[in-house]
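> this is a predicted model, with the sequence first.
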Amino acid sequence: MIPSAAGLRPFQRGFLLGLLLVPTTGLASGVDGETDPQEDPDTVTVALVHNGDFTESAPATTPIPWWRATRGMAQLQTVDGVFTVVTDAGQIAEQPIGVFEGAVAALRISFRLRGRGVLKVTDGTGQVAELPFGSVDEWASFEVTPQALSEAFGRVPRPRMVLTLTSTETAYWADVNVTTELPAPTTAQLRAICIEELRWIVALWLDRAVAEAGPAFPRSLFDVVTGERLDYVLDGGHNAWSDVLVRAAAQDPRWRAQADRLIEDWLTLATNPTTGLPCAWNVETNQRIDRAVEVHSALTFLLDLGDGRHGVSPDVRRRANEIATRAFGSIAREGQRPDGEIAAAYHSGTGRANPDVSDLRRLHVPALLARFAAKHGQGDGLRLAREAVAAFLYTHLWVGEWHEIDPGFDDRFGNYGACGVELWRAAPDDEFLAHITRSGVEHFLPRWHDALRFGGNIAADQIRCWKLMIEACELDPSLRAELAPVLRDAVHAHLAGQQYSNGAWGDVTFKHGDPRTELEVGDLIGTPQNLLEGLALLHDPRLEEAGGLPLVEVRAHFLALLEATRSHYKRDFGYLSSRQENPGIDMPRASLGVAVALLTLLERLPE
């Protein structure tokens, strides 16, 4: 069941109309349509400004946390025992506001002021509304209602928005708050929405990318605008679609047969029967392709099957473990270098290692080797993994400060730290294997928090670091109390920083609170698949208990971000990866990113 529009305020009603994906008779309710008191409320109030009381501490040489101010921390003063930001003539303090388009009509601004000041609100069109306020000698409280804000603009303002405090003479500002209301679905309501959207994505791929006869691998991609198949053939083997389909089958039995068919073909055709190593499959000639392949993602898929994940049969588990035994035997024979490192890529036919890969991959195979060895009692595998870790640590140093946090955080920690979690999980009491991730968290957590607060360079794919640190909390629960509040702040920073002037969010790097579309860092800048997945990762009651974002807000933000994404990027045959349509090259990879986010949330929502 999903939220009904009946009984909601006008802005909420319009906000939900686009999400009516399945038949509904209303909210989960008690007698006479009243909301059951045991259910979540139908809306939740969310705060859109951080550090509005100006109490967050910071060094004197840094920006005011969360604010862009003319003189930085020098503008903070305590007046009459009240923490304030002061604006002398022409000075400003401003903060971007990430707000969902359907929630702008409920925007409410409040603050206290001593002196005469001007509150400026800039909306996504560039229009500025100036609202003068003042009380010369005393503190006074003010509120800008949604109606007053709309009157100042002459219409309902459009996101993205910037709140600016300024004055023509000295003014002191305190307790600045901006709030709005979001629809707050229950877990059952949000699950229904996610399942329906996932069904649409999976059905498109099965219909347009996978042939009914022959191997169950996707053969071609298709344009998300026209639905036409693009003019090249994909090699068979493991890819992002493989992970989506098998995870989806665990959520909805209608996909079990297709997932089982894919798994059977992959085990039979896309792994070498002698070496066990993954390979590509030519879907036109029906032959294996023996070329160097980075094996991490495919071996992870293989180990997941061997561990019985995704509802696979005992026979699949047995076969997967037999193939993995051969694969890791080949790696043990051919993969170790003289310094102890283990190669990340191999020729599947011979097992010969290929050293020509990014240094970021150097722990990918040792981590999986340790996982397999620990599961199956193979001491040699753990020994080889430890030797690879020793080689890594001999020259390794974490680098990155708040003003230049990436690529040290998103790329190096994102890769090495994730592998470190796998190594740590393989031997939970082995502090040597735990050191990679532990030392990374120790170095980056405070610096990352400062990057979020002070306007550092924040990449969209930092979400991979959220994931690995959340997983590290499973191994050391004491980390959760440190991590959860920072994740809560990270949600605020990404929602404000990744929103464009048209109200859409993008998969884009941001700095000083603004999206940076001009940077050549590999961002797809369209569908915000990373941010959707990040919100999904936070639906964990243990994070909420440790000071993280309340689960009702996690669900509300996820629902609203999904609706904004559907509104701006969804086309007849999938989601756009870029901000505009590009005829003939609008490939459906962003759709799989959305599917990953949906699955991540579904796996965390109670049934």
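Now that the structure is in, tell me what you want to look at. Numbering: from 1, shown residues only.
> alpha carbons only for contacts and neighbour counts from here, please
Noted.
> tell me the pLDDT at the residue nearest in space to the middle of the chain?
For the chain, the residue whose C-alpha lies nearest the mean C-alpha position (Cα atoms, centre = their mean) is G534; its distance is 2.8 Å. As predicted, G534 sits at a pLDDT of 98.
> got it, and G377?
85.
> again, but for the one 4 residues further on
Confidence at G381, expressed as pLDDT, is 92.
> same question, G26
G26 carries a pLDDT score of 27 in this model.
> got any ranges where the stretch 501-607 of the chain has weak pLDDT?
In the predicted model of the stretch 501-607 of the chain, residues 519-524 satisfy pLDDT under 70.
> show me where it has strands.
When assigned using DSSP state E, counting those that start in this stretch, the strands of the stretch 501-607 of the chain occupy the ranges 510-511, 514-515, 570-571, 574-575.
> out of these, which is the most enclosed?
strand 574-575 (a mean of 28; mean count of other Cα atoms under 10 Å).
> contacts for stretch 343-361 next, please.
Among residues not part of stretch 343-361, those counted as contacts by Cα atoms under 8 Å, 6 or more residues apart in numbering are 271-272, 274-279, 290-296, 330-331, 334-337, 362-365, 411-412, 415-416.
> now, those that are in helices?
H296, S330, I331, E334, H364, V365 (DSSP state H).
> in a markdown table, list the residues you listed along with pLDDT.
Supplementary listing: the ones in helices among the contacts of stretch 343-361 in a markdown table, determined by pLDDT from 0 to 100:
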| residue | pLDDT |
| --- | --- |
| H296 | 98 |
| S330 | 96 |
| I331 | 97 |
| E334 | 96 |
| H364 | 98 |
| V365 | 98 |
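> just the closest of those residues to N177, please.
Checking the ones in helices among the contacts of stretch 343-361 against N177 with Cα to Cα, the nearest one is H364 at 45.4 Å.
> does the closest one touch G420 like I think?
No: if you go by Cα atoms under 8 Å, H364 and G420 don't touch, sitting 9.3 Å apart.
> who does the top strand by length along the chain pair up with?
Counting residues, the longest strand in the chain under DSSP state E turns out to be strand 128-144. For strand 128-144, the paired strands and their directions (DSSP bridges) read strand 108-122 (antiparallel).
> got the contact list for the partner strand?
Here strand 108-122 has contacts from 128-146, 161-180, using Cα under 8 Å, 6+ apart.
> if we can go back for a sec, for PyMOL, what selects the buried ones among the contacts of stretch 343-361?
In PyMOL, this line selects whichever of the contacts of stretch 343-361 come out buried by 16 or more other Cα atoms under 10 Å:
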select buried, resi 271+272+275+276+277+278+279+290+292+293+294+295+296+330+331+334+335+336+362+363+364+365+411+412+415+416
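> neighbouring contacts of the longest strand of the chain?
For strand 128-144, with Cα under 8 Å, 6+ apart as the criterion, the contacting residues are 108-122, 149, 152-153.
> mind redoing it with 7 Å?
Counting by Cα atoms under 7 Å, 6 or more residues apart in numbering, strand 128-144 makes contact with 108-122, 152-153, all of which sit outside it.
> likewise for stretch 368-380?
Contacts made with stretch 368-380 from outside it, assessed by Cα under 7 Å, 6+ apart, are listed as F328, G381, L382, A385, E422, L423, A426.
> just put these in a markdown table and tack on secondary structure and distance to P528.
Rendered in a markdown table, the data for the contacts of stretch 368-380 read as follows (DSSP: H, G, I helix; E, B strand; the rest coil; distance: Cα to Cα, whole Å):
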| residue | secondary structure | distance to P528 |
| --- | --- | --- |
| F328 | helix | 36 |
| G381 | helix | 39 |
| L382 | helix | 38 |
| A385 | helix | 36 |
| E422 | helix | 27 |
| L423 | helix | 30 |
| A426 | helix | 33 |
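> out of those, the closest to T600 would be?
Nearest to T600 among the contacts of stretch 368-380: E422, at 18.7 Å, using Cα to Cα.
> re earlier: most neighbours among the contacts of stretch 368-380, which one?
If you count neighbours using other Cα atoms under 10 Å, the busiest of these is L423, which has 31 neighbours.
> which ones are touching that one?
Contacts for L423 were tallied using Cα under 7 Å, 6+ apart; they are A367, A370, R371, L433, A434.
> recalculate using a threshold of 10 Å.
363-364, 366-371, 374, 382, 385-386, 389, 417, 430, 432-437 (Cα atoms under 10 Å, 6 or more residues apart in numbering).
> could you do G497 as well?
Counting by Cα under 10 Å, 6+ apart, G497 touches 96-98, 160, 452, 455, 458, 460, 491, 505-506, 508-516.
> swap in 7 Å and give it another go.
Under the criterion of Cα under 7 Å, 6+ apart, the neighbours of G497 are F510, G513, D514, P515.
> ok so, going back, drop anything exposed from the contacts of strand 108-122.
By neighbour count, with 16+ other Cα under 10 Å, the contacts of strand 108-122 hold 128-130, 133-134, 139-141, 144, 146, 161-167, 170-180 as buried.
> isn't E533 right up against L599?
No: under the contact definition of Cα atoms under 7 Å, E533 does not touch L599, with a separation of 8.8 Å.
> show me what contacts I458?
Contact partners of I458, counting by Cα under 7 Å, 6+ apart, are T509, F510, K511.
> and the gap between the last one and Q91?
The reference is to K511. Applying Cα to Cα, to the nearest Å, one obtains 21 Å for the distance of K511 from Q91.
> what does the second one give?
When distance is defined by Cα to Cα, F510 is 24 Å away from Q91.
> let's verify A391: helix, strand, or coil?
Using DSSP: H, G, I helix; E, B strand; the rest coil, the structure places A391 in helix.
> so where's the stretch 301-450 of the chain uncertain?
Counting by pLDDT under 70, the stretch 301-450 of the chain shows no low-confidence range.
> now the strands for it?
Using DSSP E, counting those that start in this stretch, the strands found in the stretch 301-450 of the chain span residues 345-347, 353-354.
> can the contacts of stretch 368-380 go into JSON lines with extra columns for distance to G237?
Listed next are the contacts of stretch 368-380 as JSON lines, based on distance: Cα to Cα, whole Å:
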{"residue": "F328", "distance to G237": "19"}
{"residue": "G381", "distance to G237": "26"}
{"residue": "L382", "distance to G237": "28"}
{"residue": "A385", "distance to G237": "26"}
{"residue": "E422", "distance to G237": "24"}
{"residue": "L423", "distance to G237": "26"}
{"residue": "A426", "distance to G237": "27"}
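> thank you, goodbye.
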